[in-house]
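Colleague: Provided below for reference: sequence and predicted model.
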Amino acid sequence: MTEGADSGPRLVWREAEVLAVVAETASARSITLRVPDWPGHAAGQHVDVRLTADDGYQAQRSYSIASPPEQADIVLTVERVEDGEVSSYLTEETRPGDRLELRGPIGGYFTWTGTLPGPLQLVGGGSGIVPLMAMLRHRANERTRPAARLLSSWRTRDAIIYRDELERLASDDPQLAVVHTLTRESPPGWSGPRGRIDADMLRAFAYAPEQQPRLYVCGPTPFVEAVADALVQLGHAPECIKTERFGPTGDR
Ligand SMILES: Cc1cc2nc3c(=O)[nH]c(=O)nc-3n(C[C@H](O)[C@H](O)[C@H](O)COP(=O)(O)OP(=O)(O)OC[C@H]3O[C@@H](n4cnc5c(N)ncnc54)[C@H](O)[C@@H]3O)c2cc1C
């Protein structure tokens with residue numbers, strides 16, 4: 001479960017133009033950006049976004065790329081966190097035509113390409129689904145695809161990001177299973193699991209160690225640690241588990 005070094009030969013700040021802003025949920029927005037001279041990215045990588053106020057004050061945060069490598073314009077999906085300096089701006093103030101500074105792509109470790117063998121097991125908590133979605137979108141563009149499963153955890157049904165698209169991807173593809181669990185509510189008609197992802201839930205919905213899956217776990221730090229521990233408890237080799245923690249980032 002070692003975190004690898006960042007890759008990226010030309011990590012320069014670029015000025016990107018906002019092409020579109022789409023509401024995914026009440027608090028999450030997908031922002032499409034045209035980035036001049038974008039060098040391309042791998043599914044799972046992220047960028048740093050830097051905001052500069054009129055008085056010169058700057059704030060910088062990391063955001064995963066949600067779009068697949070095949071797409072020229074990149075998409076970020078940002079979930080507003082309460083009192084969040086950068087996420088509030090990106091989700092509430094950003095409009096098409098705005099310009100944002102970003103650099104990347106960053107991260108060579110938490111990436112997946114369609115050429116990697118073995119079933120793909122993705123486990124996400126909240127906005128941790130973003131880099132996993134880039135992997136599933138990339139996989140959908142591949143002619144031959146390994147089987148894949150996504151297990152994701154949300155507080156409520158309405159908080160689920162990409163819900164319709166995931167449903168469409170899974171209904172078109174018998175090799176893809178998507179399961180969401182809800183931790184804070186049990187809405188009428190909900191047929192999926194309830195509660196946090198633990199060893200029992202992973203046993204029920206994730207590939208077993210004997211199937212030798214490639215495991216990617218992403219979300220808030222306590223979520224990632226709990227899931228990685230449960231996977232090891234089930235017998236998965238720690239070196240097969242790739243993790244990305246969405247803890248606070250930036251220049252504090
Ligand atoms: C590699 C990487 C990729 C990331 N990708 C994404 C992504 O695709 N989409 C996305 O929405 N976020 C992503 N994040 C998180 C993002 O970088 C910011 O931490 C988040 O947007 C909060 O920044 P902020 O300036 O709004 O909040 P801040 O002003 O920094 O913090 C406000 C309050 O929220 C708390 N807080 C900060 N970050 C988080 C968090 N992630 N979750 C819960 N509480 C938090 C702080 O402790 C503080 O109390 C990623 C983080 C990393 C490290």
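Modeller: Yes, it's here.

Colleague: Tell me, how many residues neighbour the residue nearest to Val81 when sequence neighbours are not counted?
Modeller: Leaving aside its sequence neighbours, Val81 sits nearest to Ser87 (CB to CB, 6 or more residues apart in numbering; 5.1 Å). Just so you know, the C-beta spots here come from the backbone N, C-alpha and C atoms, and that holds for glycine as well. As a burial measure, Ser87 scores 21 neighbours (other CB atoms under 10 Å).

Colleague: With Thr156 instead?
Modeller: Quick note: Thr156 (other CB under 10 Å) scores 14 neighbours.

Colleague: And the one 4 residues further on, by the same measure?
Modeller: The number of residues packed near Ile160 is 22, by other CB under 10 Å.

Colleague: hmm, who's touching the helix or strand Glu17 falls within?
Modeller: Applying DSSP states H and E as the criterion places Glu17 in strand 14-23. If you take CB atoms under 8 Å, 6 or more residues apart in numbering as the criterion, strand 14-23 is touched by 29-38, 73-74, 94-103.

Colleague: ditto for stretch 34-42
Modeller: With contacts defined as CB under 8 Å, 6+ apart, stretch 34-42 is touched by 9-10, 14-17, 19, 65, 69, 72-74, 102, 104-105, 108, 111-113.

Colleague: Run a quick check on the residue nearest to Val81 versus Arg61, I expect a contact.
Modeller: Yes - Ser87 is in contact with Arg61 according to CB atoms under 8 Å; the separation is 7.4 Å.

Colleague: Can you turn the buried part of the contacts of stretch 34-42 into a PyMOL selection?
Modeller: The PyMOL command for the buried members of those (criterion: 16 or more other CB atoms under 10 Å) is given here:
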select buried, resi 14+16+65+69+74+102+104+105+111+112
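
Colleague: count of neighbours near the residue in the stretch 51-200 of the chain that the ligand sits nearest to?
Modeller: Among the residues of the stretch 51-200 of the chain, Gly84 lies nearest to the ligand; the distance is 2.2 Å by CB to the nearest ligand atom. Applying other CB under 10 Å, we find 15 residues neighbouring Gly84.

Colleague: cool, Leu132 as well?
Modeller: Neighbours of Leu132 (other CB under 10 Å): 29.

Colleague: on that earlier part again, please narrow the contacts of stretch 34-42 to those residing in helices.
Modeller: Among the contacts of stretch 34-42, no member falls in helices (criterion: DSSP state H).
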